[in-house]
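>>> Predicted structure and sequence below. I'll ask about it afterward.
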Number of protein chains: 2
Amino acid sequence: MNKIYNPKPETWRDFLKRPTKTIADIEATVKEIFSEVKTKGDEAVTKYTQLFDGVSIEELLVCEEEINSAKNEVSEELKDAINLAKGNIEKFHSAQKTERITIETTEGVSCWQEKRPIQKVGLYIPGGSAPLFSTVLMLAIPANIAGCNEIVLCTPPDKNGSINPAILYTAKLCGVTKIFKIGGIQAIAAMTFGTESVAPVYKIFGPGNQFVTVAKQIATKYGVAIDMPAGPSELLVFADETANPSFVASDLLSQAEHGADSQVILVTTSEKLLNSVEKEIEKQLQVLPRKLTAEQAIDNSKLILVETVSEAIDLINEYGPEHFIVVSKDEDFFLKNIQNAGSVFIGNYTPESAGDYASGTNHTLPTNGYAKQYSGVNLDSFMKSMTFQKISEKGIQNIGKAIEIMAEAEGLQAHKNAVTLRLKSLEKMSGRAQCHPEPVKGRDLN
Amino acid sequence: MNKIYNPKPETWRDFLKRPTKTIADIEATVKEIFSEVKTKGDEAVTKYTQLFDGVSIEELLVCEEEINSAKNEVSEELKDAINLAKGNIEKFHSAQKTERITIETTEGVSCWQEKRPIQKVGLYIPGGSAPLFSTVLMLAIPANIAGCNEIVLCTPPDKNGSINPAILYTAKLCGVTKIFKIGGIQAIAAMTFGTESVAPVYKIFGPGNQFVTVAKQIATKYGVAIDMPAGPSELLVFADETANPSFVASDLLSQAEHGADSQVILVTTSEKLLNSVEKEIEKQLQVLPRKLTAEQAIDNSKLILVETVSEAIDLINEYGPEHFIVVSKDEDFFLKNIQNAGSVFIGNYTPESAGDYASGTNHTLPTNGYAKQYSGVNLDSFMKSMTFQKISEKGIQNIGKAIEIMAEAEGLQAHKNAVTLRLKSLEKMSGRAQCHPEPVKGRDLN
């Protein structure tokens, strides 16, 4: 572990730097597979599934039977846990629904903003040792609440051509419309271009290894949107003497087990806490099944001692952590001043694991400092906001002149003309009304 | 003009296709300039300003004096128009503010979502013949309402090293913090990497030619976000026999004058209207100063006759227009069913120009079919949403077991352990409380 005592602000950028990767060689592979999937469709997908997943898949679409039998393979205990998590995630994401915002900006000029669902979305769920059914919850639930018509899920098959039953169970539970046994680059390509089996989508969500990450980047060149750029997961904890060192250590380790490239940082104003956390990490590390992985991440981790909480918050905002745990007597100070973080976990009894699984917040969050400008996945990620405006005759008379003047000043005569024509037509109408008034009917004429 | 009568749905994709461009050669130029600005800073910026804008700039930052004197150069009439527009844009974007959303998902588990400003944003305003002060309004006003700390604006200088006074006036009026005389690729590079004069920003907004568009794409590789991918501007009008053909023609022409590559489409259920609009376009075109440009765009435009409004809406949703004008007796049907459009203009007296300048809605909108998955620029474009959670002892006892089970099923033991440690510690405490109860003080013992 790297211990850093009272670093000067001008050194922060250096030691907070995330490791960068060269992706040039991966890009070539991705482009090749993209071009093949684009032209050959399912045939190319099947070929690469054979190559990368070591299995020959005849039917890429998971059938109803497989989904039904998955239900029986998931233990009741796990089903209950998934259902509890689902309930909380649903509550939190449903609360994010927004109403239409309407405003009359000038008399006769009515403007409104409405959010409508992205009609076709694709969710990517990685395979490998850990079946990430929790990510299915985090993506499919808000997609469903948003009202997306088509929610496609791609995940790689195992050597037997099967998908982990917990993934199938969760996908079905959360309203995924189609599940495909496709992984990696070929999955992203299939959802981008479409194949005989897979209809193309408008936006792709979900985590993945560096091949998937680069594939998602490349997909954006072909008119598909993605949730956010991805990087290794990261956790920054601020803890002072009010924190329980063994809890802090367990949180840092839970992040470290994700991968050797995980980022783990402790910032503290208490040297005593720093030392206790260090000892606790050593102790807890010994009994972890993923000890080797966690150890590598911990080797790159940083324990940083600062003098004041305002120095701490500046450093944290400069880093912009994906996950930020704060256990401090100055909790309110941190909550008020944190500007850049994906999700914030407050107090001794709020481990990051809670947000990863079951508290209700989303676990798909900006890494790599992207918390400075990106939101984590939320209900709005599955919608787009559209604006509407309706202007009455009175309204165009109220703002028409301003439009004419501005359009003229920008040298856009046809823009001006679209208003002038309307204003003139209204003048004519009211002129006609004045020159040829209807005969007045009334008492006086009787 | 291309007239298309009752096309079959399977042919839509083909004739709705936007022209695609090869950007490979532009990419090389962009990468070269990026690499030079990254290493040489202001020196490189100044060199490319000399090369592309034909002027040698000593001080890139616009000084207070220049801004003050600009105020005197803008006519009172234009100032009034800009102020009217500013008021409407402020009203509409202020109405988009959202409150913190808080929910207790399970007893003791409190989750909330809050939006905070992106601290540093960069606005790009193109130069050239038309000084786009209207775009300054559209970007700087919401940035200011959002509360962004640093709002940097880059725009190319003219041959005399000056910036159009209307741009300076509007920028100052709307709270831009720094204005730089930098254009094109070098401006995007400067805001991405920072130079001696320009501090780097987290997100870049604004339109531009194809060099700027590619530069913004490349910037995203260096950790900067952008508002949205850009393409030529486009307008689709649905009009039936209730529409005024001369108004419709003026709207189509206002789009066409933007550039030869502008997309202009009329969809109608009335052959009579189609023919009248065609005649009106010919007539109005003759007197436009930008006739040559508009003519080229009109040559590529499409007038499409369909049989029913439901066919029309399907076709429109397939296209996903940036601007969508609807003038129809079936207005409500279109408003209910439009899924993919940047901004919608309703009725005979709502020209696109209104939204371009002064109604209050934003004119930075998704082109090229991106309305399927991107929002136009709005208040949220300048903020990111963050989530927070605070779990009590009771709360972790309520959801702890579910987290343990899910973490274990995903093979993430350290995630489980972070919860187990806390649950055990709470058990111990309550165990202690039971085994060694405090001596009961009360009446009975007296």
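Structure received.
>>> residues in contact with the residue lying closest to A:Lys71 once chain neighbours are set aside?
Leaving out its chain neighbours, the residue that sits closest to A:Lys71 by CB to CB, 6 or more residues apart in numbering or on different chains is A:Tyr169, at 5.6 Å. In short, each C-beta sits where N, CA and C put it, glycine included. A:Tyr169 is in contact with A:67, A:70-71, A:74, A:79, A:82, A:133, counting by CB atoms under 8 Å, 6 or more residues apart in numbering or on different chains.
>>> Ok, A:Lys394 next?
A:107-108.
>>> Give me the mean pLDDT for the host helix or strand of it.
Using DSSP states H and E, the secondary-structure element containing A:Lys394 is helix A:393-409. Mean pLDDT, computed over helix A:393-409, is 98.
>>> Which residue is the nearest non-sequential neighbour of A:Ile204?
Per CB to CB, 6+ apart, closest to A:Ile204 is A:Gly122, 4.5 Å.
>>> so how many other residues sit close to the one you found?
30 (other CB atoms under 10 Å in any protein chain shown).
>>> cool, and A:Glu36?
17.
>>> Then A:Glu241?
For A:Glu241, using other CB under 10 Å, the count is 15.
>>> Report the contact partners of the closest residue to it other than its chain neighbours.
Excluding the flanking residues, the one nearest A:Glu241 by CB to CB, 6+ apart is A:Ser270, at 4.6 Å. Neighbour list for A:Ser270: A:239-241, A:305 [criterion: CB under 8 Å, 6+ apart].
>>> Quick check: the residue nearest to A:Pro9 when sequence neighbours are not counted vs A:Ala187, distance?
Using CB to CB, 6+ apart and skipping the chain neighbours, the partner closest in space to A:Pro9 is A:Asp314 (6.9 Å). Going from A:Asp314 to A:Ala187 by CB to CB, to the nearest Å gives 41 Å.
>>> Also A:Asp42?
With CB to CB as the criterion, A:Asp42 and A:Ala187 are 12 Å apart.
>>> Among those two, which residue is more densely surrounded?
Neighbour count, other CB under 10 Å: between A:Asp42 and A:Ala187, A:Ala187 has more, with 32 against 16.
>>> Strand partners (parallel or antiparallel) of the helix or strand where A:Gln389 lies?
Assigned by DSSP H and E, A:Gln389 belongs to strand A:383-391. Strand A:383-391 pairs in its sheet with strand A:109-117 (antiparallel), strand B:343-346 (parallel), by DSSP bridges.
>>> Turn those into JSON lines, including mean pLDDT and distance to A:Ile103.
Formatted as JSON lines, the strands paired with strand A:383-391 follow (pLDDT from 0 to 100; distance: least, CB to CB, whole Å):
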{"stretch": "strand A:109-117", "mean pLDDT": "98", "distance to A:Ile103": "6"}
{"stretch": "strand B:343-346", "mean pLDDT": "98", "distance to A:Ile103": "15"}
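>>> what angle do whatever helix or strand comes next after the helix holding A:Lys394 and strand A:383-391 make?
Downstream of helix A:393-409, the next assigned helix or strand under DSSP H and E is helix A:413-435. Compare the direction of helix A:413-435 with that of strand A:383-391 by axes from the mean of the first three to the mean of the last three CA atoms, to 10 degrees and you get 40 degrees.
>>> Going by neighbour count, which residues in helix A:413-435 are buried?
A:413-423, A:425-426 (16 or more other CB atoms under 10 Å in any protein chain shown).
>>> Please apply the same query to stretch A:301-309.
A:301-306, A:309.
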